[in-house]
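J.: Let me see the structure of the following:
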Amino acid sequence: MAGEDVRVTALGIAPVKGLRVVNVERLALEPGGARGDRRFYLVEQRGWMVNGKHSGAFNEVSAEVDVGHPDADAAEHLTLRFPDGTKVSGAIELGEELQTRFHSRPRTARLVRGPFSAALSEHAGEQLRIVRASNGGSAVDRGVRGAVSLISRGSLSVLARVAGQESVDARRFRMTIELDGVEPFAEDGWLGRELRIGEAVIRPRGHVGRCIVTSRHPESGAVDLPTLDLLRSFRSGLRTTEPLPFGVCGEVVRAGAVRVGDRVELG
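T.: Numbering: from 1, shown residues only. Model (predicted):
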């Protein structure tokens, strides 16, 4: 990216995995990813993790977490905001352990006590519980090596053109960092290299293959864009780490703050 002015244009976080992605002005990147991101996840009655593929109602709800000191659970507060304007907020208290299934893998978690699960269950019309992994780790799908994700506006513009739309909301792809100032799909060539973003350094490790959840509107949850068919029309057959790739993910090599407007430099 020599000679290019590449900048962070948006930052996204979902404190409760599956709920709406919220744009923020600043993130603290840590070895496990963005602080507070995917800190909690949802399970249904059997204990299986559920996300936006399960219900469009999840995109209607946003979550905010005041994490305080990263090692002090007692200092944390969670707020859920619902589409009718109501909110449920309070201190986070972890309860009994549960045996859950996270992408078909067993994971021990602790129930988040308080009114949160009941409020979300009422909104979604089914029994749901908000939990946190017992080891304190995040609920990022790809683990530490894929804890941070990024995509370029150039790539988004190509998808919008193929879809016949003026633009495509990046939040439907649930990425941590959106940037501008590079050619479309330039991020495909960054695997294994270091990116300096603000005070942090990340190393992309793989492509992000897409699933049906991206077809949902990022706020209403309605299925309104055939993203998989669109991506299949111009992203099939590529030599990538996952099929139907759109964006990349990687690990945090050096922790630090990242802000909207920060410069991005390829090492």
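J.: Tell me where the stretch 151-267 of the chain has strands.
T.: 177-180, 195-197, 200-209, 245-254, 256-259, 264-266 (DSSP state E, counting those that start in this stretch).
J.: Dump the ones you listed to TSV, plus mean pLDDT.
T.: Listed next are these as TSV, based on pLDDT from 0 to 100:
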stretch	mean pLDDT
strand 177-180	98
strand 195-197	98
strand 200-209	98
strand 245-254	98
strand 256-259	98
strand 264-266	95
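J.: With distance to Ala57 and mean neighbour count as added columns, please give these in a markdown table.
T.: Where C-beta positions appear, they are placed from N, C-alpha and C, glycine not excepted. Compiled in a markdown table, those are given as follows (distance: least, C-beta to C-beta, whole Å; neighbours: other C-beta atoms under 10 Å):
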| stretch | distance to Ala57 | mean neighbour count |
| --- | --- | --- |
| strand 177-180 | 25 | 22 |
| strand 195-197 | 33 | 23 |
| strand 200-209 | 24 | 21 |
| strand 245-254 | 24 | 22 |
| strand 256-259 | 31 | 17 |
| strand 264-266 | 35 | 18 |
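J.: Indicate which one of those is closest to Leu98.
T.: The closest of these to Leu98 is strand 245-254. By C-beta to C-beta, the value is 27.4 Å.
J.: what residues are up against Gln165?
T.: Leu225 (C-beta atoms under 8 Å, 6 or more residues apart in numbering).
J.: Distance check, the one residue sitting closest to the centre of the chain against Thr214.
T.: In the chain, the residue lying closest to the centroid (C-alpha atoms, centre = their mean) is Arg174, at 4.3 Å. According to C-beta to C-beta, to the nearest Å, Arg174 stands 8 Å off from Thr214.
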